[in-house]
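[1] Using only what follows, build the 3D model:
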Amino acid sequence: NLLLGCELSASTKSYTFQVDEEDNSDHILALSVVCLTDGAKDECNVVEVVGRNHENQEIAVPVANLKLSCQPLLSLDNFKLQPPVTFRLAAGSGPVHLAGWHRIMHREDASFEEDDDLSEEDEEDLPPIMPAKK
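    Next up, the predicted model:
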């Protein structure tokens with residue numbers, strides 16, 4: 001897992017997380033915490049996730065509404081997303097810090113498919129699995 005961190009503010013309203021689609025891997029992005037940081041005003045800060053639906057249309061979903069006096073931090077419990085995804089400060093001036101992780105799962109190369117040529121005789125030569133000693 002690779003750690004992910006970014007900050008949204010009045011000067012940087014959005015952050016886009018992209019991956020190289022040519023790398024033959026599956027990518028999962030998980031958002032764990034969204035919190036206000038030093039310098040935040042007591043105003044509503046709305047963070048939304050912008051992605052694409054099954055018809056490739058842009059769709060924006062609010063995931064956090066933070067306010068210094070009542071909810072400065074929100075745990076998103078590893079909210080999983082499929083890159084590419086954009087985090088946008090839809091309201092407020094932040095700064096809002098987003099933290100999470102990025103997991104890369106490499107797809108198996110098709111040329112390394114399992115050999116199904118093992119005959120039953122070969123399988124019988126394998127030692128039996130012994131129970132663990134306690």
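
[2] And the helices in the chain?
    For the chain, the helices defined by DSSP state H cover 120-124.

[3] contacting residues for the closest residue in space to Ala91 that isn't next to it in sequence?
    The shortest distance from Ala91 to any residue other than its chain neighbours is 4.0 Å, reached at Val46 (C-beta to C-beta, 6 or more residues apart in numbering). Bear in mind the C-beta positions are built from the backbone N, C-alpha and C, glycine included. If a contact means C-beta atoms under 8 Å, 6 or more residues apart in numbering, then Val46 has Pro62, Ala64, Asn65, Leu89, Ala90, Ala91, Gly92 as its contacts.

[4] one more time with 7 Å, if that's ok
    Pro62, Asn65, Ala90, Ala91, Gly92 (C-beta atoms under 7 Å, 6 or more residues apart in numbering).

[5] for Ala99, same thing?
    For Ala99, the residues meeting the contact criterion (C-beta under 7 Å, 6+ apart) are Leu4, Gly5, Ser32, Val33.

[6] Once you drop chain neighbours, what's closest to it?
    Setting aside the residues directly before and after it, Ala99 is nearest to Val33 in space (C-beta to C-beta, 6+ apart), at 4.7 Å.

[7] what about that neighbour, neighbour count?
    Using other C-beta atoms under 10 Å, the number of residues around Val33 comes to 16.

[8] Next: the one 5 residues further on.
    Under the neighbour criterion other C-beta under 10 Å, Asp38 is assigned a count of 6.

[9] which residue is nearest the centroid of this structure?
    In the chain, the residue lying closest to the centroid (C-alpha atoms, centre = their mean) is Leu29, at 1.2 Å.

[10] and the closest residue to it other than its chain neighbours, what does it touch?
    Counting by C-beta to C-beta, 6+ apart, Leu81 is the residue found nearest to Leu29 once chain neighbours are left out, at 4.5 Å. Leu81 sits next to Leu29, Leu31, Val49, Gly51 when contact means C-beta under 7 Å, 6+ apart.

[11] Kind regards, and thank you for your time.
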